[in-house]
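**Student:** Structural data only, the sequence is not supplied:
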Ligand SMILES: Nc1ncnc2c1ncn2[C@@H]1O[C@H](COP(=O)(O)OP(=O)(O)OP(=O)(O)O)[C@@H](O)[C@H]1O
């Protein structure tokens, strides 16, 4: 510290850099008054011990005037101890002005490495290293294709990863996820959303689901993806409305039940809010004639992306299916008759697609047909690559290929068998006059059920019947007649009641052996831990039967499914059972043609039911013939194209491998534990692969987002996370890991450091300055600039003479030699070399700027080649498949223009610096 104080000089407080730049206002003998105008604080110091460091800009350095404008220093003149800077303003570089130091801006960024260095603040070597690593990690994450896909607490399944990856990076995805029941549409939607949230493509998300699934979605998103949503029911909306007019703007991610769409007040509010993404589950419930449909259509028009989820898109007919497709793209799907014709036409392509996807020689006729469709010739013995290329082209052209994804169990594989058990019972007694249903005491199925439950115990059973009244009857009968307390589940229960019932049923120790559910109450629910299903009655639509079996036959089901059906003489079931079993094998396996069979045969079915079985044989025969015909058609037609489209195996395998490799579990574990140690988070092993992380009293920051005060059990291993849902699955996308990275990147931790090396080949006391610069660009988040210009890091290594050693001494080699220095010694060294270092730092900026030029050029080149290729592909595709919307193509051009401009103007900052002094041993 120099003792040459003078009023008007600028000094920095070594101990309180956050006060900003100080101005000496009084200096009398041994007492000194310093005003810090930025914080309006005054400090008094004894002049011989004042913890102050002189603030002085050097030629070529950038400074700021108190009026806000920036300048470059040309020269510095000192008169009576006060400095005057000769400067050229950045706005008018030809001008030259004098800026006396009292006129300098009062605020200097306290966290800036240069300010910290001048104030003698050094971090430990390990913290410095951690900062460097975290930048490397962030750079990887910004460019990783696995971001958002690897973080779900799920098994990595190719068909889901394929869909998620194919959809998530589209400019504004609008798709129908229509996998068969239980194949993981929720997971696919969650992955797509997670990737878009993490990349900045989306911020505001609205999920609309049937009332019965609200809580399940909430829990599933939190548990599987660590994403918090808020449920907005009427009560919550009323509450919020007390404080604001824009109720739905009070949260970013919201789940509502579809019942909310019926309320004029709330649906009007929904429409005044902006949404980046809209997800509608069980979309087959959307009846185009309803007011809810109109609200969804308006929301869909406003939202950039839209995901509709349904396992049975055609459950209510192909016209309604078409109307839901209109929500995705009203321009493209504007004529139903045309749509039907197109669907027919695609059937003709299916044999070509089938032949190309197999490895058999092509017939002459097929070659001609493929050439006619794709516009490119193909030889009978074409190699795999050519076949693959033609197949891609063909699938790209397929009508709903870009908007609809439908995976089937058969295609995905790995499911157990479905086994049917039927029980013939006496006829039910006739209804008494005035009654609309039978009292349970007279229902012959009840006695059968009591007997069944007794024999079946302790195995668990899910029973599904058509309506709530029946659910209540069955539960009462079980209680009264055999003291069994059944868990019940129907649409009139509140969410909490339903969750409680599900938990009561699932409990191994004191849970109920049976869960009695209504049709709708159980939709979308997961009971794959159960293998026995009782169908107390049978629905009249094959898609509903499929939905029922799908409660158990889902991903995660490890056994065979046993389906029990009691059938009373002369009942509807006496016709429905053979119709489903013998007519269409609907119990054995998923029934893709159920809806078409229903459309063609339901009148005949009703007649047979009404005439107590008359004409049943004929009905079965007709059903078999039609089922065969339809299956033949769809196996070789639309379904084949849809399946090939929904998951192209080679690409899916590549994505699986890519995501697997991006997990980098060991690296993550090292990073997280290093971080915990540096930031005062305690951790202890609880069991194999599980730790408890807990904030300690020595936390470096008051709190860490994602780490509760009471601690958090964590694991880095997917298998452990899958088995232990109470343990947080830490991965690169987890909020705790992301907040650790953020902290290291946006705060000053580890930004200045002093280290020694012991190198006998170099003179004692020789020193080096290693500087890390970062370069970032500012662009609206939806354009995802970091794909082409991720966080850039430039290293500059100078020796004390200003010689550039950056390329001669690689970072790792130097770091390996660096050793820790005591705090006091570090301060001493910084003080001693401060002025020389400051000179070097301004020289280093030039080097960093040169490196930045190369990064800009590389970023621009990547941007052009990538986006031009995308543009070309979409333009070509648009010629063949009208489902490519003009907006998608325009968006690419707009993205390119915005990002070219942004990449040309990056912001370079000095992020960290390390002084390295040689002290030979
Ligand atoms: N990759 C996976 N790893 C582990 N479990 C999974 C995976 N994918 C799905 N599951 C589980 O399988 C079940 C079915 O998944 P999900 O509910 O997403 O299917 P769905 O297609 O939406 O079903 P539905 O048609 O009934 O709505 C759920 O319990 C889900 O958690």
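**Tutor:** Happy to help now that I have it. Fair warning: this is a prediction, and the values are worked out from it, not measured in the lab. Numbers count the residues shown, from 1 in each chain.
**Student:** What lies in contact with stretch 534-545?
**Tutor:** When contacts are defined by Cβ atoms under 8 Å, 6 or more residues apart in numbering, stretch 534-545 is touched by residues 312, 314-315, 445, 449, 452, 461-466, 470, 474, 519, 548, 563-566, 572-573, 576-577, 580, 584, 586-587, 591, 594-595, 597-598, 602, 605. Heads up, the C-betas are built off the backbone N, CA and C, glycines and all.
**Student:** Out of these, list just those in strands.
**Tutor:** 461, 462, 463, 464, 465, 563, 564, 565, 566 (DSSP state E).
**Student:** picking up where we left off before, out of the contacts of stretch 534-545, which are buried?
**Tutor:** With burial judged by 16 or more other Cβ atoms under 10 Å, the buried subset of the contacts of stretch 534-545 is 312, 314-315, 445, 449, 452, 461-466, 470, 474, 519, 548, 563-566, 572-573, 576-577, 580, 584, 586-587, 591, 594-595, 597-598, 605.
**Student:** Can you flag which of those residues belong to helices?
**Tutor:** Members of the buried ones among the contacts of stretch 534-545 lying in helices (criterion: DSSP state H): 445, 449, 452, 470, 474, 548, 572-573, 576-577, 584, 594-595, 597-598, 605.
**Student:** returning to what we had before: make a markdown table out of the ones in strands among the contacts of stretch 534-545 and add distance to the ligand and pLDDT.
**Tutor:** Listed next are those as a markdown table, based on distance: Cβ to the nearest ligand atom, whole Å; pLDDT from 0 to 100:
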| residue | distance to the ligand | pLDDT |
| --- | --- | --- |
| 461 | 18 | 94 |
| 462 | 13 | 95 |
| 463 | 18 | 96 |
| 464 | 13 | 95 |
| 465 | 18 | 93 |
| 563 | 17 | 97 |
| 564 | 21 | 97 |
| 565 | 21 | 97 |
| 566 | 25 | 96 |
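**Student:** The ligand next: which of the ones in helices among the buried ones among the contacts of stretch 534-545 are close?
**Tutor:** Subset of these in contact with the ligand: empty, counting by Cβ under 6 Å from any ligand atom.
**Student:** Taking the stretch 651-800 of the chain, what residue is nearest to the ligand?
**Tutor:** Per Cβ to the nearest ligand atom, residue 722 is where the stretch 651-800 of the chain lies closest to the ligand, at 6.7 Å.
**Student:** Now for that residue, how many residues are close by?
**Tutor:** When counting by other Cβ atoms under 10 Å, one arrives at 14 neighbours for residue 722.
**Student:** Show me what whichever strand or helix holds it is in contact with.
**Tutor:** In this structure, residue 722 sits in helix 718-723 according to DSSP states H and E. Contact with helix 718-723 is made by 153, 154, 155, 156, 663, 688, 689, 690, 715, 727, 728, 729, as judged by Cβ under 8 Å, 6+ apart.
**Student:** Among those, which one sits closest to residue 355?
**Tutor:** Using Cβ to Cβ, residue 156 comes nearest to residue 355 of the contacts of helix 718-723, at 31.0 Å.
**Student:** Do you know the pLDDT at the closest one?
**Tutor:** Predicted confidence (pLDDT) for residue 156: 93.
**Student:** tell me the contacts of residue 760?
**Tutor:** Residues counted as contacts of residue 760 (Cβ under 8 Å, 6+ apart) are 920, 921.
**Student:** what helix or strand is it on?
**Tutor:** Assigned by DSSP H and E, residue 760 belongs to no helix or strand.
**Student:** For the stretch 551-700 of the chain, give the residue positioned nearest to the ligand.
**Tutor:** Residue nearest to the ligand within the stretch 551-700 of the chain (Cβ to the nearest ligand atom): residue 555, separated by 3.6 Å.
**Student:** can you tell me which residues contact that residue?
**Tutor:** Contacts for residue 555 (Cβ under 8 Å, 6+ apart) come out as 155, 157, 182, 183, 184, 528.
**Student:** Can I take it that residue 857 is in a helix?
**Tutor:** Yes: under DSSP: H, G, I helix; E, B strand; the rest coil, residue 857 sits within a helix.
**Student:** Distance from stretch 211-218 to the middle of the chain?
**Tutor:** Its chain's C-alpha centre and that of stretch 211-218 lie 19 Å apart, by Cα atoms, centre = their mean, to the nearest Å.
**Student:** could you give the mean pLDDT of that stretch?
**Tutor:** Averaging the model's pLDDT scores along stretch 211-218 yields 84.
**Student:** ok, now stretch 379-396?
**Tutor:** Mean predicted confidence for stretch 379-396 is 81.
**Student:** if we can go back for a sec, just after the helix holding residue 722, pick out the following helix or strand.
**Tutor:** Next along from helix 718-723, by DSSP H and E: strand 728-729.
**Student:** what about that next one, near the ligand?
**Tutor:** No: Strand 728-729 lies out of reach of the ligand by Cβ under 6 Å from any ligand atom, never closer than 12.1 Å.
**Student:** just checking, what packs against that strand?
**Tutor:** If contacts are counted by 3 or more Cβ pairs under 8 Å, 6 or more residues apart in numbering; DSSP states H and E, strand 728-729 sits against strand 712-715, helix 718-723.
**Student:** Just the buried ones among the contacts of helix 718-723, please.
**Tutor:** For the contacts of helix 718-723, buried by 16+ other Cβ under 10 Å: 153, 154, 156, 663, 689, 690, 715, 727, 728, 729.
**Student:** per-residue confidence for the fifth one?
**Tutor:** In the predicted model, residue 689 carries a pLDDT score of 93.
**Student:** For the closest residue in space to it that isn't next to it in sequence, grab the count of nearby residues.
**Tutor:** Nearest residue to residue 689 in three dimensions, chain neighbours excluded: residue 720, at 4.4 Å (Cβ to Cβ, 6 or more residues apart in numbering). Residue 720 is flanked by 16 other residues according to other Cβ under 10 Å.
**Student:** before we move on, the earlier item: and the contacts of residue 555 near the ligand, which?
**Tutor:** Near the ligand, by the rule Cβ under 6 Å from any ligand atom, you find 155, 157, 182, 183, 184, 528 out of those.
**Student:** Can you pull the phi/psi pair for the residue of the stretch 351-500 of the chain found nearest the ligand?
**Tutor:** Residue nearest to the ligand within the stretch 351-500 of the chain: residue 407 (9.0 Å; Cβ to the nearest ligand atom). Backbone torsions of residue 407, given as degrees, to the nearest 10, read phi -90, psi 150.
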